[in-house]
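A.B. asks: Sequence plus the predicted model coming up.
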Amino acid sequence: MDPEPRPTFAGILNLTAEHAIEESGFLGTRRGWTNIRWYEYTFLALGLLAAFVTDGLTIARIVQSDPSNDPDFAYGILILVHSIFLLIFLITGIFYQRLTDIVAFFLSSVLLTIYVIAHFIAKITHNNDGQSTQAKIRLARLIFTITFNLCFIPLAVMVIKDYRRDEFSKRLFGVFPAARRPLKIYSIFDCVVRINTMLSISSLLLNLYNVTGYETVDRVLLIIGIPLTLLWLGMGIGMARLENYMLVFIFYIFSLFQFGFLGYGLYTAIQYSRQISRGPTPSLTTTKATMINLVPVLQVFYVCISFNLLTHILSMGMGFWCTRHFKQGLKEKVFNNKIDKWIQTRWSQN
């Protein structure tokens, strides 16, 4: 009698492969190289190429900008920050088969394209420098950004269609949805806190160009705000991976500080909007007002800080949801390599 064949899942994950599941030293259990399809590698290669081209052209522009009073510099840094997080979303989405990260990558790439288009239109409308080197760099960046995003559409559709089968988590937790729920909740939480971190850094940068009369305060907020934001991200991911309630407490304490900055940023933006509506004042020079009007930093700041507040509230809600699913196998099945175990023996609560 022939032996019963071993089960396999169609699509991404091949359970018969020797290296279907591998371990990562930092981000936990990931997919094996043999279970990544050609279109995923194509997606990753195009994403890396798009980041290098876009960031290279952006750096070529900002090196000739004045960081103290030129909104072009703020837009350039904003594009660089978004590009870095886009790459992180794409890498974790593919190697850890996270549907939320692929969706976040695609939506963030669309947002990045909107930034580039808005900046190009604002400049070409107000500046008559179509033959200058800077204008050619802006045009080249616009063409490359739109081209890459058009290529991302079919690849993202193919990847999302496959990832909806949730085969990687089935290999780790089994076919029952309830058993796979802790990993799904962690993936959503991890994605949301990274989006929030991206928006928080963007808000801190744009706040420098929100003419408030509190330049010293804004610079101090930027200097201490970015490290605290990254530390907040680490606390959030650490509390979910280690299932540690002390880190949960620290995470929510840090979250209150972020609410304070968002409130301050929104208040100063409203004050500046009222100042503009009353007409020019001696504190707002003609040159600075002209530069700000060329690139609408204030409007972008309103949008950024609004989404920042929304994702921050979602982060706190998803963090609480993660704590409700502690002790359900996530730590043992996903974060189980030597580094994780070493940290868990010193931080995790039994």
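C.D. replies: In hand now; what should we look at?
A.B. asks: Now for the nearest residue to residue 163 once chain neighbours are set aside, how many residues are close by?
C.D. replies: Nearest residue to residue 163 in three dimensions, chain neighbours excluded: residue 99, at 4.3 Å (CB to CB, 6 or more residues apart in numbering). All C-beta atoms are positioned from the backbone trio N, CA, C, and that covers glycine. Using other CB atoms under 10 Å, residue 99 has 19 other residues around it.
A.B. asks: helices and strands around the longest helix along the chain, which ones?
C.D. replies: Longest helix in the chain by number of residues, with DSSP state H as the criterion: helix 245-277. Helix 245-277 sits against helix 177-207, helix 215-242, helix 297-323, with contacts defined as 3 or more CB pairs under 8 Å, 6 or more residues apart in numbering; DSSP states H and E.
A.B. asks: Try it again at 6 Å.
C.D. replies: Secondary-structure packing of helix 245-277 (3 or more CB pairs under 6 Å, 6 or more residues apart in numbering; DSSP states H and E): helix 215-242, helix 297-323.
A.B. asks: ok, so what distance separates the residue nearest to residue 163 from residue 234?
C.D. replies: 24 Å (CB to CB, to the nearest Å).
A.B. asks: Give me the buried stretch members for stretch 268-276, please.
C.D. replies: 268-269, 272, 275 (16 or more other CB atoms under 10 Å).
A.B. asks: Name the nearest of those relative to residue 202.
C.D. replies: Closest to residue 202 out of the buried residues of stretch 268-276 is residue 269 (13.8 Å), distances taken as CB to CB.
A.B. asks: so what's that closest one scoring on pLDDT?
C.D. replies: For residue 269, the pLDDT comes out at 79.
A.B. asks: got the angle for the longest helix of the chain vs helix 177-207?
C.D. replies: Inter-element angle recorded for helix 245-277 and helix 177-207: 40 degrees (by axes from the mean of the first three to the mean of the last three CA atoms, to 10 degrees).
A.B. asks: which of the residues in helix 245-277 are buried?
C.D. replies: Quick answer for helix 245-277 (16+ other CB under 10 Å): 247-248, 250-252, 254-255, 258, 261-262, 264-266, 268-269, 272, 275.
A.B. asks: Please apply the same query to stretch 132-152.
C.D. replies: 135, 137-138, 141-142, 144-145, 148-149, 151-152.
A.B. asks: Looking at the buried residues of stretch 268-276, spot the one nearest residue 56.
C.D. replies: Using CB to CB, the buried residues of stretch 268-276 come closest to residue 56 at residue 269, 31.9 Å.
A.B. asks: need the buried residues of stretch 268-276 in JSON lines with distance to residue 222, can you?
C.D. replies: Converted to JSON lines, these look like this (distance: CB to CB, whole Å):
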{"residue": "268", "distance to residue 222": "14"}
{"residue": "269", "distance to residue 222": "16"}
{"residue": "272", "distance to residue 222": "17"}
{"residue": "275", "distance to residue 222": "22"}
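A.B. asks: Out of the residues you listed, flag the one nearest to residue 115.
C.D. replies: Nearest member of the buried residues of stretch 268-276 to residue 115, counting by CB to CB, is residue 269, at 18.3 Å.
A.B. asks: quick one: that closest one from residue 218, how far?
C.D. replies: Taking CB to CB, one finds residue 269 at 12 Å from residue 218.
A.B. asks: Then residue 248?
C.D. replies: 31 Å.
A.B. asks: cool, residue 133 as well?
C.D. replies: 31 Å.
A.B. asks: With residue 335 instead?
C.D. replies: From residue 335 to residue 218 the distance is 38 Å (CB to CB).
A.B. asks: of the two, who's got more company?
C.D. replies: residue 335 (24 against 21).
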